[in-house]
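J.: fold the following.
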Amino acid sequence: MIEIKINNINFSVKKNISILEACKYVGITIPRFCYHETLSVAGNCRMCLVEVENNPKPISSCTRPVENNMAIFVDTPLVKKARENVIETLLLNHPLDCPICDQGGECDLQDQTKVFGSDSSRFFFNKRGVEDKNCGPLIKTIMTRCIHCTRCVRFGTEIAGVDFLGTLNRGTATEIGSYTTKNFSSEISGNVIDLCPVGALTSKPYAFKARPWELKVNESIDLTDSSGSNIYVNFKETEIMRVLPKNNTEINQTLISDKARFSYDSLKNCRLQKIFVQSQIDLKYFETSNWPALLKRLDVLLFSKPTQKILFLIDEELDFESLTLLNTLQNALPNNINIKLHQKSVATSNNVFLSWTTDKFHDLKKESKYCFLLSSNIRLESAILNAKLRNKVVSQTFDVFSLGQNFHSSFPLKFVNISIDKILKLFEAKTSLASLLLKKERPLIIFGTSLKKRFYGNFDLLGVLKKIIPSAITLEVTKSSNSTIMPLFNFKVSSTNDFNTTDIICALNLTDNTSLRKNLSGLNKKVIWFNTHGSTLSKKSSVLIPLLTGFEVENKYINLEQRPQKTLKSLNGVGDARDFKKILKALYSKKVNFKNDSFSFFNEIVEHPNKFKTLTNKLTNSSLLASSYLKNKNFVMNYPLKSSLEDFYLSNLFTKNSKIMAQCSQETRKTFKNFFID
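T.: Residues are numbered from 1 along each chain as shown. From the prediction side, this is the model:
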């Protein structure tokens with residue numbers, strides 16, 4: 001710590017920080033445009049000028065480091081006049097269109113002009129105009145408003161890894177743009193909207209929709225991937241206007257993916273709003289808005305025969321509390337209720353590995369110097385984790401190896417083309433690459449979903465790895481928001497025999513795809529379709545029941561680092577949509593005693609961690625190194641390794657019903673080069 005003076009008041013601050021950071025540390029706000037905490041220092045807006053003792057003129061506080069016994073003055077008449085001149089210069093060519101600007105009301109230039117600017121202008125020449133740029137379907141540009149802070153340029157180069165924007169020309173002809181006409185092809189491109197201090201880069205779907213003072217704000221989490229990024233939901237009356245990132249240094253910092261930011265329009269597209277029941281005479285649907293009548297019909301349908309079997313088809317998108325209720329239901333009525341996953345996923349693992357720390361994202365900042373991606377396209381499967389890896393690669397000595405799959409990465413990557421059998425030999429230390437992996441201290445190892453789908457039986461990669469390299473930092477990246485905790489319930493994958501031996505099928509919030517149509521087509525079974533959105537397959541069901549989305553109900557989820565989080569209710573449900581948990585309790589409350597606290601398991605881990613140490617050893621002892629491994633039936637599918645997510649924008653049921661995401665996917669496919677990666 002060193003001693004400095006700010007406005008003749010003594011303060012102790014850290015070494016090797018700038019004057020601006022020191023003032024921020026002690027609670028003094030200095031105006032700025034180009035400076036941002038997550039970007040490199042540019043020092044080109046000159047708005048953060050301060051006066052330092054024994055200096056002949058004001059200096060930029062973002063570029064000057066503090067020194068011991070330095071005397072700083074932040075509000076002298078010289079500083080105020082300098083800031084007024086900077087504001088006047090920025091407004092020389094800036095259009096006076098605040099009434100129609102989408103940034104109005106939350107514009108840094110607008111606010112600082114009010115505080116530091118003058119009430120008149122000495123400029124009488126014609127203003128300069130700049131041609132607007134095309135950044136794709138998400139970002140709207142009005143480049144005449146640009147003040148050349150270069151935040152967007154530095155974001156693309158340093159964080160997104162896409163050199164899309166740059167500074168063109170020089171002097172009074174300077175402008176921000178791109179030499180080629182193309183889209184901003186990044187999974188986190190929408191964050192430049194938050195970074196832009198003026199209205200040059202704004203949200204295209206949000207354009208002319210609302211003013212910031214008209215919006216209500218609620219907190220929630222992103223459900224489009226397994227990171228669980230924290231978000232703010234801005235809504236007006238009964239409609240979501242936009243989604244913004246919430247600063248969380250432990251998970252997503254100030255970043256969110258484009259799916260999290262722009263897929264909210266799925267709430268209005270193809271939604272199931274009414275209850276539809278199929279007539280037994282002419283097989284036509286008729287609408288009913290009477291929930292008591294529907295519950296009576298479901299009572300007759302589900303409980304008329306004591307011996308009939310009911311199959312609940314689920315996937316990994318289901319919230320944690322609903323999974324807990326279904327697990328309780330299956331345990332209470334094992335002869336009648338069968339819970340199955342309709343597709344194989346990471347949730348089918350027989351072994352569970354629970355981490356006692358939930359700050360694995362924070363572990364990325366530690367002394368690890370090597371990262372191994374095992375069949376994972378991290379750029380598509382977890383855009384936020386990919387940005388964290390890129391930041392570590394750029395700022396530190398950090399090598400990343402991709403084993404089994406090559407992809408167009410946003411940072412330098414070493415690709416090793418090995419098959420699934422070579423990966424097994426890698427864990428058995430029978431390859432030269434194994435020595436590289438085993439000799440490193442605290443390597444970061446990221447598992448892809450497709451790798452685990454190749455193994456059947458009790459083989460547990462994570463358990464093996466923890467025995468070979470106890471210091472390894474492991475992350476299992478999945479494409480669903482609740483996939484990590486699914487092995488706790490040990491739900492099996494549905495088979496042909498399950499469909500043939502059941503009487504009633506309850507399809508719970510499933511995505512209408514080829515696999516599901518193949519399983520349900522030709523079956524003379526009654527299907528109850530619980531879903532938030534309608535589809536072609538839903539028209540063949542006996543009963544259609546609308547459900548609430550994550551924006552309309554409070555749900556709990558466990559992200560990829562096993563951190564419990566929850567969504568908050570921002571909107572009321574549409575039509576007759578209800579929460580599935582309430583529907584399930586209304587149907588089975590007389591037969592099953594449901595527990596209200598679905599987090600009792602995690603609470604017990606926190607309060608009594610010693611009780612679970614022996615349990616963890618039992619769950620992870622079936623591995624390649626254990627003698628029991630040879631006695632069990634384990635086999636490996638030798639299919640090529642590939643990413644579990646082929647289209648970033650259309651990854652789950654919610655994003656597939658978004659028109660904005662469909663447009664982004666269409667624009668991405670236009671640049672597809674027939675399986676060639678450059």
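J.: where do the strands sit along the stretch 151-300 of the chain?
T.: Listed in chain order, the strands found in the stretch 151-300 of the chain under DSSP state E, counting those that start in this stretch are 166-168, 175-177, 201-203, 216-221, 230-236, 239-245, 275-278, 285-288.
J.: which residues in the stretch 401-550 of the chain form strands?
T.: Under DSSP E, counting those that start in this stretch, the stretch 401-550 of the chain gives strands at 414-416, 444-447, 455-456, 473-476, 492-493, 504-508, 526-531, 543-546.
J.: report the buried residues of the second one.
T.: Within strand 444-447, the residues scored as buried using 16 or more other Cβ atoms under 10 Å are 444, 445, 446, 447. Quick note: C-beta positions are derived from backbone N, CA and C, even for glycine.
J.: what's the closest of the residues you listed to residue 182?
T.: Nearest to residue 182, judged by Cβ to Cβ, of the buried residues of strand 444-447 is residue 446 at 29.5 Å.
J.: residue contacts, the closest one?
T.: 371, 372, 373, 374, 376, 378, 385, 474, 475, 476, 477 (Cβ atoms under 8 Å, 6 or more residues apart in numbering).
J.: now the buried members of those.
T.: Buried by 16+ other Cβ under 10 Å: 371, 372, 373, 374, 376, 378, 385, 474, 475, 476, 477, out of the contacts of residue 446.
J.: could you give the bridge partners of the third one?
T.: The one in question is residue 373. Bridge pairing for residue 373 (DSSP bridges) gives the partners residue 402, residue 446.
J.: which pLDDT value belongs to it?
T.: Per-residue pLDDT puts residue 373 at 88.
J.: was I right about it contacting residue 399?
T.: No: contact criterion Cβ atoms under 8 Å: residue 373 and residue 399 do not qualify, at 11.5 Å.
J.: show me where the stretch 301-450 of the chain has helices.
T.: 320-332, 360-363, 378-381, 383-395, 420-427, 432-438, 449-452 (DSSP state H, counting those that start in this stretch).
J.: equivalent analysis for the stretch 551-678 of the chain, please.
T.: Remark: helices assigned in the stretch 551-678 of the chain by DSSP H, counting those that start in this stretch are 580-588, 600-607, 613-619, 653-656, 659-670.
J.: and for stretch 265-274, what's in contact with it?
T.: By Cβ under 8 Å, 6+ apart, the residues outside stretch 265-274 that reach it are 205, 239-240, 287-289, 531-535, 538, 544-547, 549, 551-552, 571, 574-577, 654-655, 657-661.
J.: how about a cut-off of 7 Å?
T.: For stretch 265-274, contacts defined as Cβ atoms under 7 Å, 6 or more residues apart in numbering pick out 205, 240, 287, 289, 531-534, 544, 546, 549, 551, 574-577, 654-655, 657-660.
J.: over to stretch 28-37?
T.: For stretch 28-37, contacts defined as Cβ under 7 Å, 6+ apart pick out 6, 20, 23, 41-45, 47-48, 50, 61-62, 74, 83, 108, 112, 116, 147, 149-151, 195, 197.
J.: returning to that earlier point: now render the strands of the stretch 151-300 of the chain as TSV, adding mean neighbour count and mean pLDDT.
T.: TSV is the format used below for the strands of the stretch 151-300 of the chain (neighbours: other Cβ atoms under 10 Å; pLDDT from 0 to 100):
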stretch	mean neighbour count	mean pLDDT
strand 166-168	14	90
strand 175-177	20	90
strand 201-203	22	95
strand 216-221	17	94
strand 230-236	20	95
strand 239-245	20	95
strand 275-278	20	86
strand 285-288	13	67
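J.: of the ones you listed, which is nearest residue 419?
T.: The closest of these to residue 419 is strand 216-221. By Cβ to Cβ, the value is 37.1 Å.
J.: which residues touch the closest one?
T.: Outside strand 216-221, the residues that touch it by Cβ under 7 Å, 6+ apart are 228-235, 246, 551, 557, 565, 567-568, 570.
J.: between it and strand 239-245, how many degrees?
T.: With axes from the mean of the first three to the mean of the last three Cα atoms, to 10 degrees defining the directions, strand 216-221 sits at 60 degrees from strand 239-245.
J.: quick one: strand 216-221 to chain centroid distance?
T.: Chain-centre distance of strand 216-221: 15 Å, with Cα atoms, centre = their mean, to the nearest Å.
J.: grab the nearest non-local neighbour of residue 51.
T.: Nearest residue to residue 51, sequence neighbours excluded (Cβ to Cβ, 6 or more residues apart in numbering): residue 73, at 4.3 Å.
J.: ok, now residue 195?
T.: Leaving out its chain neighbours, the residue that sits closest to residue 195 by Cβ to Cβ, 6+ apart is residue 151, at 4.4 Å.
J.: do the same with residue 2
T.: Nearest-residue entry for residue 2: residue 68, 4.4 Å, with adjacent residues in sequence omitted and distances by Cβ to Cβ, 6+ apart.
J.: now residue 134
T.: In space, not counting the residues next to it along the chain, residue 134 is nearest to residue 181; the distance is 6.2 Å by Cβ to Cβ, 6+ apart.
J.: do you know how far that neighbour is from residue 244?
T.: Applying Cβ to Cβ, to the nearest Å, the value for residue 181 to residue 244 is 29 Å.
J.: sorry, back to before: who wins for proximity to residue 525 among the helices of the stretch 301-450 of the chain?
T.: Proximity to residue 525, assessed across these by Cβ to Cβ, is greatest for helix 320-332 (19.0 Å).
J.: that closest one packs against which elements?
T.: Other helices and strands packing on helix 320-332, by 3 or more Cβ pairs under 7 Å, 6 or more residues apart in numbering; DSSP states H and E, are strand 337-341, strand 556-558, helix 580-588.
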